[in-house]
Each structure stands twice: as structure tokens, then as C-alpha cells.
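Asks: Have a look; sequence and predicted model below, questions after that.
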Amino acid sequence: MRIPDGKGGADDILMVSNGEGPLTSRLFWPRASFFGRTTYSTLLPFRLAGRKQLIWLVPEDQVERPAQRTTGSDLGELADAVERGAASFTLMAEPLRGGGGPTLIGRLVLEERLSDEASRGLRFNPWANTNVRPAGFINKLIRRAAYRGSQAGR
């Protein structure tokens, strides 16, 4: 997701679906739906408000999924939810140290689908963020190189 930084730029935070339990919540866990019991996490820490934190995204729409989808794909499910005005998520941050549970930091509401041309032109780079920065050894060593490689390969 891309969050405007209030200064004409934006902070990019890439998330993946994760598991539900105490251990699996820190692992990539593919899901069949964008909604329902699916949650999303950065998996690796970001520095936010001076602290290393995980960032979570939780669907607000917890209703049963329709059996029929517009395009027959998970992206069709997402497009349907956007069209219904039901694609909203709660955004939370959870410090890795110092106690305290998840803190509400905002909401993400998907209001319209980008054109195919605009979608193809998107380039995400959390290393260019100003407010929310990747933190920790794994981010610096592995993830930074992965982002560089994915940008070069486009």
C-alpha cells in the first residue's frame, strides 16, 4: 500500500497474508480470499515513531464471501468489494519490544480500481520512505537487494 506522507511524497509498505496463530502470524501464509479471516503483515519490522514495529492490516468486512465472483478470481472478489464500497481495512502497528499490543493507526479504504496503465506504472520502494522505514538486519541484508532487483527487472 502507498500512504501519502503529507509532503507530496508517499511511504510504501508491502504486506503479505499471514497465519493466524502465535507462530504462524509471523509467516507468509497464502489465503483463498482477501477478506474474512485473512490478515496481512509486514512480517519484518519497520521503524515507526522511533520504534521497531510490525504493521498489520485487518479486513473490516467479515461477512461470508459470495460464491460467484465477477471474474472468477481472487482479484474479482477484490474488485466486487471495491464496487460495493466494502473494501476497508484497519491498519495497526505493534511494537516488537517494550510491551503493549497493537495500536490503531488508521484505515485503508479502497475506493476505485486503478486503470491498467496506472497499475503497470506503479513502482513500490519502501527504502525511499520518509516516515515509515524498513528496520532490522534481514530487511537491510536481503529485502533491500530484493527490491533493487525487482525494480531493475521491470
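Replies: Received the coordinates, thanks. Residues are numbered from 1 along each chain as shown.
Asks: Tell me where this protein has strands.
Replies: 2-4, 10-12, 16-18, 39-41, 46-48, 51-59, 88-95, 103-109, 133-134 (DSSP state E).
Asks: Mind checking the pLDDT average for the fourth one?
Replies: In other words, strand 39-41. The average pLDDT within strand 39-41 is 91.
Asks: That one pairs with which strands, parallel or anti?
Replies: Neighbouring strands of strand 39-41 in its sheet, by DSSP bridges, are strand 16-18 (antiparallel), strand 51-59 (antiparallel).
Asks: winner for burial among these?
Replies: By mean neighbour count, with neighbours taken as mean count of other Cβ atoms under 10 Å, strand 51-59 ranks first of the strands paired with strand 39-41 at a mean of 20. The way it works is simple: take the backbone N, C-alpha and C, and place the C-beta from them, glycine included.
Asks: I'd like the strands paired with strand 39-41 laid out as JSON lines, including distance to residue 103.
Replies: Output for the strands paired with strand 39-41, formatted as JSON lines (distance: least, Cβ to Cβ, whole Å):
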{"stretch": "strand 16-18", "distance to residue 103": "18"}
{"stretch": "strand 51-59", "distance to residue 103": "9"}
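Asks: Could I get those in a markdown table, plus columns for mean pLDDT and distance to residue 88?
Replies: Output for the strands paired with strand 39-41, formatted as a markdown table (pLDDT from 0 to 100; distance: least, Cβ to Cβ, whole Å):
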| stretch | mean pLDDT | distance to residue 88 |
| --- | --- | --- |
| strand 16-18 | 90 | 17 |
| strand 51-59 | 92 | 8 |
